[in-house]
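> I would like to see how this sequence folds:
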Amino acid sequence: MTEATRPGPTTSEPTTTEPAPDPLERPRERLVAPGEVLTCTVAGFDGDDVLVLLDGDAPGRPSGLVPRHELTRREVRHPSDVLTVGRRIRAEVTMRGGLDGRTLLSARAPEDEALHRFLLGLGRGDVVAGTVSSVHRFGVFVRIDGEPPHPVYAGTGFINVPELTWSRFEDPAEVVVPGQRVRVEELASDTRRGQVALSLKALRDGPFDHLAVGAGDVLTGPVTKVIPFGVFVRVNEFVEGLVHADEPAGRSAGEGQELRVTILEVDRARRRVRLGLAD
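Now for the predicted structure:
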């Protein structure tokens, strides 16, 4: 073989060895899905928070954390008053990769197992029946049929003030009273609060669903509210329209004054009525 035909030295690209996959990584990914309840081990305390070992964590390297406000619905001075290192607890995953990359959990969410199961059995849009248990300026508590006794609230269900009715009112007590039976629609379940957000008005036709007036109609109604850019005039029991400040009455009319107005536009999608002064 001549020099010209002799094969030269061969080179090869350097190879790298991929690290072997962690056999616990896939189970850990499954276990820490938000909303899942798992059992973990108390590893220690970080101030007022609780450090926990999730299944698959190396000893001494806890990857989970239960913030103090997520520990229990009871009043405690410090988590160490109710927990000891090594104790196994149940907690619901609330966030992955939260504080310092740890998985955040709530031990109070599944604290009452019967309540937790009840909340998980409800779904958004479900229609349920219940009894008004207490009425407050900030909203209404409802005991939903079949709910277990609540450890804190007067009922598992709660209706925020804007979800009571389409009508105008000054106090929720004008809409419902304790002991009244109601049918309501579920908006959302919150296992951490142990509560269900409900709507009473969702099961009633909205004021624009059957509004019997349209552009060009003339009517007389009282001024219900004066604002910097005009005044609102009542069109019917539930609907108010705006007379803009460009109109003379939109600048000078007072609350309670009767105005004769023309409907300029009904925007059903945005639930708005635009008014002008009638000739």
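> and the residue most central in space within the chain, bridged to which residues?
The chain has residue 188 as the residue nearest its centroid, 6.0 Å off, counting by CA atoms, centre = their mean. Bridge pairing for residue 188 (DSSP bridges) gives the partners residue 197.
> thought it was touching residue 195?
No: with contact defined as CB atoms under 8 Å, residue 188 does not reach residue 195; the gap is 9.2 Å. Yep, even glycine has a C-beta here, placed from its N, CA and C like the rest.
> Please give the number of neighbouring residues around residue 180.
14 (other CB atoms under 10 Å).
> And it, how far from residue 199?
To residue 199, residue 180 is 16 Å away according to CB to CB, to the nearest Å.
> next one: residue 147
Residue 147 sits 17 Å away from residue 199, going by CB to CB.
> Same question for residue 35.
Distance, residue 35 to residue 199, using CB to CB: 23 Å.
> These two - which one has more neighbours?
residue 199 (16 against 10).
> Please name the residues that touch the more buried one.
Residues near residue 199 by CB atoms under 8 Å, 6 or more residues apart in numbering: 159, 163, 184-185, 187.
> Pull out the buried residues from stretch 221-231.
Within stretch 221-231, the residues that count as buried by 16 or more other CB atoms under 10 Å are 221, 223, 230-231.
> on that earlier part again, now the contacts of residue 199 in a markdown table, with secondary structure, neighbour count and distance to residue 265?
Listed next are the contacts of residue 199 as a markdown table, based on DSSP: H, G, I helix; E, B strand; the rest coil; neighbours: other CB atoms under 10 Å; distance: CB to CB, whole Å:
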| residue | secondary structure | neighbour count | distance to residue 265 |
| --- | --- | --- | --- |
| 159 | strand | 28 | 32 |
| 163 | helix | 18 | 28 |
| 184 | strand | 25 | 33 |
| 185 | strand | 17 | 30 |
| 187 | strand | 17 | 31 |
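> tell me the SS of residue 114?
helix (DSSP: H, G, I helix; E, B strand; the rest coil).
> Tell me how many other residues surround it.
That count, for residue 114 with other CB under 10 Å as the rule, works out to 10.
> Which residue is the nearest non-sequential neighbour of residue 208?
residue 268 (4.9 Å; CB to CB, 6 or more residues apart in numbering).
> pretty sure the one you found contacts residue 211?
Yes: shown here, residue 268 and residue 211 form a contact pair, counting by CB under 8 Å, at 7.4 Å.
> Which one's more surrounded, those two?
Between residue 268 and residue 211, counting by other CB under 10 Å, residue 211 is the more crowded of the two (17 against 11).
> Alright, I will stop here.
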